[in-house]
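Visitor: Below are the sequence and a predicted model for it; my questions follow.
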Amino acid sequence: MVLYDLMMLESQTGAILIVTGAITLLAAAAVVAPAAVLRTVFGSTKPDFVARPVTRHWGLLVALFGALLVYAGYHPEVRAPVMLAAAIEKLGVAAIFGFVVPRRPLLLAIIAGDAAMAILYLLILSGYSWL
């Protein structure tokens, strides 16, 4: 039964990557409106001159992962390395923000979503023959 479920999961990999990549692309909002993202996600009322460019950079990098995930949804030959890199990035985000940042509802949802996506990618990767 577990093997069948894993095979079904693998057959939906393209769609999973497109949807989760599109969700990850939402981080591009930090590039356009870093102060609003800092306020909404982290509760920062007055981001300083360092926080804004760092937030823009973070948003750009995360959005690029989203774009790679969408690309991998259409190109099976790059799925494994993209999913592995994205899983590492998403688990890193969950670990960093989960332990050092005050708990806020939206941030907790982002952490939970990133962790769930990373676990999903790792489950899919566990069925790939090269691992």
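Guide: Cool, the structure landed.
Visitor: And the strands in the protein, which stretches?
Guide: Using DSSP state E, the chain contains no strands.
Visitor: For the longest helix anywhere in the chain, buried residues please.
Guide: As assigned by DSSP state H, the longest helix anywhere in the chain is helix 51-74. For helix 51-74, the neighbour count (16 or more other Cβ atoms under 10 Å) marks 52, 55-56, 58-59, 62-63, 65-66, 68-70, 72-73 as buried. Heads up, the C-betas are built off the backbone N, CA and C, glycines and all.
Visitor: Need the residues that contact it.
Guide: Helix 51-74 is touched from outside by 13-18, 20-31, 34-35, 37-38, 44, 47, 78-79, 82-83, 85-86, 89, 93, with contacts defined as Cβ atoms under 8 Å, 6 or more residues apart in numbering.
Visitor: Also stretch 87-99?
Guide: Here stretch 87-99 makes contact (Cβ under 8 Å, 6+ apart) with 62, 65, 107, 110-112, 114-115, 117-119, 121-122, 125.
Visitor: pull the CA atoms of it into PDB?
Guide: Taking C-alpha atoms only, stretch 87-99 is exported to PDB below (Å, rounded to 0.1, in the frame of the first residue of the first chain):
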ATOM      1  CA  ALA A  87      14.000  20.800   0.500                       C
ATOM      2  CA  ILE A  88      17.300  21.900   2.100                       C
ATOM      3  CA  GLU A  89      16.400  25.500   1.700                       C
ATOM      4  CA  LYS A  90      12.900  25.100   3.100                       C
ATOM      5  CA  LEU A  91      14.000  23.000   6.100                       C
ATOM      6  CA  GLY A  92      16.700  25.700   6.800                       C
ATOM      7  CA  VAL A  93      14.000  28.400   6.700                       C
ATOM      8  CA  ALA A  94      11.800  26.400   9.100                       C
ATOM      9  CA  ALA A  95      14.800  25.700  11.400                       C
ATOM     10  CA  ILE A  96      16.000  29.300  11.500                       C
ATOM     11  CA  PHE A  97      12.700  31.100  11.800                       C
ATOM     12  CA  GLY A  98      11.200  28.400  14.000                       C
ATOM     13  CA  PHE A  99      13.800  28.900  16.700                       C
END
